[in-house]
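Student: quick one, what's the 3D model for this:
(one chain, ligands or ions: 1)
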Amino acid sequence: MNLGALIRQTERRLRAARLHYGHGTDNPRDEAAFLVLRGLGLPFDADLGRAADPAKVEALVEARIKKRIPAAYLLHEAWLAGLRFRIDRRVIVPRSHIAQLLAERLHPWLRRSPHRILDLCTGSGCLAILAARAFPRAEVHASDLSAAALAVARRNVNEYGMRKRIRLIRSDLFAALRGMRYDLIVSNPPYVASSEMRRLPAEYRYEPGLALAAGKDGLEVVRRLLADAPAHLFPSGRLVCEVGGGRKNVERAFPAMPFLWPKDEVFIAGRASMAAVSRMPSRRRSARG
Ligand SMILES: C[S@@+](CC[C@H](N)C(=O)[O-])C[C@H]1O[C@@H](n2cnc3c(N)ncnc32)[C@H](O)[C@@H]1O
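Tutor: Below you'll find the model as predicted:
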């Protein structure tokens, strides 16, 4: 059998199994190509006419179908904005929308290049590494509550030769960052509401609950982040934060906040507006909510 035929056959099996996609690919064709090519240790542009042994990827395909394990965990790698990150179940599969914004150097959303950047809730370290590449002169801090996640981030930081540029810090949001200020804070925090957590497809159950769950309305972490970020931003500093499908929820919870939405899943807030809103009496803050 040749490689192209093996990918097509795998695609048919994945399609028939009615899997959930969203951990790096969004359809059975791309998922099959990812599993087969990377399972065989081949690049994405491999010659599809070359011979391929189905037995070599059978265990991977079976685990994807029968156990619903995301392909990225089976292969121990995920690709984001063209970069490969080594991952395992200590971190979520990288897929943040902030990656594309960083690849575009947050143009036109920043006035000038940031010198100090924080990636809060760094997980595998993917956004910290993308930020360090986008802004080569910046010093980057990357923090997470999970020591296990930070071990994965350390491996990726080392792999990209960024040990000197990215400092990894264990911290419950800003707790261990007292006195530190940044020009830019990026964050893809947990934002899944409890009711949604119960309904997630099986694939998500392989990811750490700490990385997804964010209380009754999914805003538990975002609320703390918005309250504490101003103290950690320079006057013209900005927070770039992912909230998934929670845009309406965020706008309802913070009606006075002038958010920018470069994508439906990501808002940008300036320090000055965040600080002004958090100084307002809470009744006025939610007056329109
Ligand atoms: C959705 S994942 C994002 C990981 C990575 N930034 C990405 O985009 O792939 C959220 C991360 O937040 C971390 N986390 C959860 N609660 C936290 C807290 N209170 N303080 C710091 N990090 C936290 C989790 O350990 C997890 O790694």
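Student: hmm, stretch 256-268 touching the ligand?
Tutor: No - using Cβ under 6 Å from any ligand atom, stretch 256-268 never reaches the ligand; the gap is at least 11.2 Å. No exception for glycine: its C-beta is placed from N, CA and C like everyone else's.
Student: and that stretch, average pLDDT?
Tutor: What stretch 256-268 shows for mean pLDDT is 97.
Student: again, but for stretch 129-139
Tutor: Mean predicted confidence for stretch 129-139 is 98.
Student: need the residues that contact that stretch.
Tutor: Residues outside stretch 129-139 that contact it (Cβ atoms under 8 Å, 6 or more residues apart in numbering): 80-81, 83, 85, 99, 102-103, 105-106, 113-117, 119, 140, 156-157, 160, 162, 165-167, 183-184, 186.
Student: what subset of those residues is buried?
Tutor: Taking 16 or more other Cβ atoms under 10 Å as the criterion, what is buried in the contacts of stretch 129-139 is 80-81, 83, 85, 99, 102, 106, 114, 116-117, 119, 140, 156-157, 160, 162, 165-166, 183-184, 186.
Student: find the closest residue to the ligand in this protein.
Tutor: Gly123 (2.4 Å; Cβ to the nearest ligand atom).
Student: the ligand contacts on the stretch 51-200 of the chain?
Tutor: Residues of the stretch 51-200 of the chain lying near the ligand (Cβ under 6 Å from any ligand atom): 91-92, 94, 96, 121-124, 126-127, 144-146, 149, 172-173, 188-190.
Student: so of the contacts of stretch 129-139, which ones are in strands?
Tutor: 80, 83, 85, 116-117, 119, 140, 166-167, 183-184, 186 (DSSP state E).
Student: in helices, which of the residues of the stretch 51-200 of the chain next to the ligand fall?
Tutor: Per DSSP state H, helices hold the following members of these: 126-127, 149.
Student: if we can go back for a sec, just the buried ones from the residues of the stretch 51-200 of the chain next to the ligand?
Tutor: Going by neighbour count (16+ other Cβ under 10 Å), these have 91-92, 94, 96, 121-124, 126-127, 144-146, 149, 173, 188-190 buried.
Student: so what's the residue nearest the centre of the chain up against?
Tutor: Taking Cα atoms, centre = their mean, the centroid of the chain lies closest to Ser96, which sits 3.4 Å from it. The contact partners of Ser96, taken as Cβ under 8 Å, 6+ apart, are 80, 126-127, 188, 242.
Student: now do Ala272
Tutor: Pro235.
Student: tell me how far whichever strand or helix holds it is from the chain's mean position?
Tutor: Under the criterion of DSSP states H and E, Ala272 resides in helix 271-279. Offset of helix 271-279 from its chain centre (Cα atoms, centre = their mean, to the nearest Å): 26 Å.
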